[in-house]
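Engineer: Need the 3D shape of this:
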Amino acid sequence: MRFRSSILPLLATLLATLLAHPVSAAESNWWNKEWTQRQPVTVDAKDAGDAGSATVLVRLHDGNFQFGSAKEDGSDLRFIGEDGKELAYQIEKYDCVMNEAFVWVKVPAVKGGAAKFTLYYGNPKAAAESAPAYDADTVLVYHFADRGAAPADSSPAKNNAEKPGQASDGAVVGGGLRLAAGEPVSVPNTATLEWTANQALTWSAWVKPAALRPNAVLFSRDNFRVLLDDGKLVVDSNGTRSSAGAPIAAGAWSHVAFIAEGAVIKTYVNGVAAGSLGAGLPASTAPLLIGGASAADRATGELDELEISKVARPEGWLKLAALTQGTSEAATKAVAVGEVEGSEGGAKHSAALEHIMLFGDIAKNMMFDGWMAIGVCVLMIAVGWTVAVQKFFYLNSIQKGGKAFLSQWKKLSGDLTALDHGDQDNVSSFGGLADAKTLALVKQSPLYHLYHIGSEEIRHRLERDKTRTKGLSGRSIEAIRASLDAGLVHENHHLGKGLVFLTMSIAGGPYVGLLGTVVGVMITFAIIAKSGEVDVNSIAPGIASALLATVAGLIVAIPALFIYSYLNSRIKENMGTMQVFIDEFIAKMAEFYPPAGESSPHAPVPATASQAHANAHPVPKTLEPV
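Structural biologist: As a prediction, this is how the structure comes out:
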């Protein structure tokens with residue numbers, strides 16, 4: 001019993017501690033608390049088998065990644081392996097406006113076509129990392145993402161090309177190289193690119209032929225060529241050709257590769273063996289040419305993701321590249337980015353916040369004319385909403401004053417003659433019925449102003465008839481009604497004052513925004529026409545920023561429409577109340593101040609002749625007998 005009494009408080013304390021500070025498995029293995037978001041990344045390409053060390057493409061878009069939670073340039077991205085170590089990566093493209101990114105991640109081992117790692121982001125203080133995303137056996141990697149510049153090598157060897165090629169937009173991964181009739185892209189020889197006889201080598205690329213024709217050269221070096229012979233991948237070494245498989249389709253992307261090992265060269269199309277050559281790689285120190293030396297022999301179309309390794313990669317390595325780098329649905333499933341997780345120390349960003357932050361990214365590309373339209377819209381919002389707020393408080397004050405006035409009027413309307421129209425204090429205080437606090441509230445009401453107009457009109461007509469014998473004629477009553485109607489019009493103008501700014505916002509806001517959009521779109525297309533390049537990544541930001549002006553115009557108009565309708569309905573309600581009061585005031589005035597010849601229900605009743613005689617000659621009391 002003593003043990004139970006001592007252990008129970010300890011268990012209660014432990015339970016309270018766990019409830020106050022829950023420790024989950026996710027928090028216990030969080031890589032770094034300074035990174036507030038993470039998402040699991042799964043590589044599932046079972047057909048690839050064991051690929052060994054590989055660089056995997058991770059595609060990020062607004063369907064699988066929260067761009068609003070990361071830095072604008074993606075420099076806070078970190079990829080962590082299952083062992084908790086950082087994985088090297090390279091960002092080929094990161095566009096936080098279009099919500100699109102291509103990131104190459106170096107995975108130490110892909111076994112059975114599967115691998116797992118975690119993407120961390122959400123640290124605004126993080127600095128960019130520059131570790132190469134390829135192993136030392138990789139001697140050349142061209143992503144062709146450098147528009148207007150010579151292709152830059154992303155491998156550790158840094159074998160950059162000599163001259164820029166013709167860029168191609170919308171390749172299999174970002175930008176690509178257009179294979180045209182101009183000069184081929186030449187890569188000078190270096191120590192890492194030098195070939196020795198029968199050495200091991202892996203060459204791969206994505207190709208999209210414009211047309212299928214005989215002996216179209218994709219790649220060449222001295223007497224060694226990689227050809228598309230009527231769409232069939234062929235390796236030609238000193239005039240000896242490999243066997244060929246089925247042709248690839250024109251106008252579609254295909255992954256082509258060869259692996260040289262000893263005295264054998266094997267070709268692959270989309271990760272599947274296509275042919276072989278019973279000869280090894282020839283020795284060479286000549287420059288590498290993307291395309292043939294002769295324009296007549298050069299392949300036409302597009303090329304992307306050229307990669308050369310000085311080792312014979314396993315077939316699973318080629319299959320993995322063909323499966324994960326493409327744009328098919330299978331490629332999307334092969335590298336899957338999981339749901340977002342937020343750390344305990346970091347703030348979680350909702351989808352709504354991400355959309356709001358996206359407007360800021362769009363605004364960065366807005367031109368001067370768009371800012372002019374938005375500036376006008378902001379001015380309209382400021383003026384319109386200022387009028388709306390003032391009008392709202394004004395209507396609330398007159399509503400309270402109106403209620404207080406009608407309460408006093410109900411007491412007074414039983415006998416208007418109780419007022420001394422010649423005494424302003426008497427009129428203002430409703431014949432002495434209202435106290436100072438009530439009067440301060442009542443004076444805010446338009447009904448009180450109409451009441452004063454009516455009282456003043458009665459005073460003018462009765463100031464010479466103190467005995468109220470003449471009363472008010474029908475003509476006088478009509479004149480007083482006209483004065484009250486004039487006061488009603490004046491109050492209506494006061495109630496509606498400033499609403500014109502809301503109507504201007506309703507009618508003008510969308511037009512101002514549309515003007516900014518039209519001018520922005522016009523300038524965007526003018527820039528496209530001048531540059532001669534049609535690139536969705538260059539068009540979309542301009543169009544999006546131009547449309548932001550229309551959004552601003554609608555933000556001006558839509559709230560103004562609802563506010564105006566609400567305020568207008570309240571103004572009409574007040575106008576109706578004032579009209580009813582005028583009718584009631586005229587009716588009461590006609591009742592209590594009838595014209596000569598008619599008696600007022602509150603006038604003193606005159607004595608009859610017999611009563612007057614009796615009062616003048618009283619009957620004496622009869623004497624009682626003694």
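
Engineer: what's near enough to touch Glu82?
Structural biologist: Lys116, Phe117 (Cβ atoms under 8 Å, 6 or more residues apart in numbering). All C-beta atoms are positioned from the backbone trio N, CA, C, and that covers glycine.

Engineer: Need the per-residue pLDDT for it.
Structural biologist: According to the prediction, Glu82 has pLDDT 91.

Engineer: How about Lys111?
Structural biologist: pLDDT at Lys111 comes out at 89.

Engineer: and the nearest residue in space to it that is not next to it in sequence, how many neighbours?
Structural biologist: Closest residue to Lys111 apart from its sequence neighbours, by Cβ to Cβ, 6 or more residues apart in numbering: Asp50 at 5.4 Å. For Asp50, the neighbour count with other Cβ atoms under 10 Å is 15.

Engineer: burial of Asp236, as a residue count?
Structural biologist: Residues contacting Asp236 under the criterion other Cβ under 10 Å number 18.

Engineer: now it, nearest residue through space, not along the chain?
Structural biologist: Arg225 (4.5 Å).

Engineer: That neighbour: what's it in contact with?
Structural biologist: Counted by Cβ under 8 Å, 6+ apart, Arg225 has contacts Val217, Phe219, Val235, Asp236, Gly292.

Engineer: Listing request: residues of the stretch 201-350 of the chain with sub-threshold pLDDT.
Structural biologist: Along the stretch 201-350 of the chain, segments meeting pLDDT under 70 span 343-350.

Engineer: And the pLDDT for the residue nearest to Lys111?
Structural biologist: 87.

Engineer: wait, what's in contact with it?
Structural biologist: Counted by Cβ under 8 Å, 6+ apart, Asp50 has contacts Val110, Lys111, Gly112, Gly113, Pro314, Gly316.

Engineer: so how far is Leu495 from Tyr394?
Structural biologist: 8 Å (Cβ to Cβ, to the nearest Å).

Engineer: Can you tell me, leaving aside adjacent residues, what's nearest to Ile582?
Structural biologist: Distances taken as Cβ to Cβ, 6+ apart place Leu484 nearest to Ile582, at 4.7 Å, with adjacent residues excluded.

Engineer: any idea which helix or strand carries that neighbour?
Structural biologist: Here Leu484 sits within helix 474-496, counting by DSSP states H and E.

Engineer: In terms of secondary structure, what does that helix contact?
Structural biologist: Applying 3 or more Cβ pairs under 8 Å, 6 or more residues apart in numbering; DSSP states H and E, one finds that helix 474-496 contacts helix 446-462, helix 536-592.

Engineer: just those: most buried one?
Structural biologist: Of the helices and strands packed on helix 474-496, the one with the most neighbours on average (mean count of other Cβ atoms under 10 Å) is helix 446-462, at a mean of 20.

Engineer: Need the contact partners of that one.
Structural biologist: Helix 446-462 is contacted from outside by 398, 401-402, 405-406, 409, 416, 419, 421-422, 427-428, 442, 468, 472, 476, 479-480, 483-484, 487-488, 491, 494-495, 574, 577-578, 581-582, 585, 589, 593, using Cβ under 8 Å, 6+ apart.

Engineer: Report the distance from it to the chain centre.
Structural biologist: 58 Å (Cα atoms, centre = their mean, to the nearest Å).

Engineer: Kindly calculate the angle that that helix makes with helix 474-496.
Structural biologist: Per axes from the mean of the first three to the mean of the last three Cα atoms, to 10 degrees, the angle that helix 446-462 makes with helix 474-496 is 150 degrees.

Engineer: pLDDT of helix 446-462, averaged?
Structural biologist: In this model, helix 446-462 carries a mean pLDDT of 82.

Engineer: got a list of what Gly401 touches?
Structural biologist: By Cβ under 8 Å, 6+ apart, the neighbours of Gly401 are Leu441, Val442, Lys443, Gln444, Ser445, Leu447, Tyr448.
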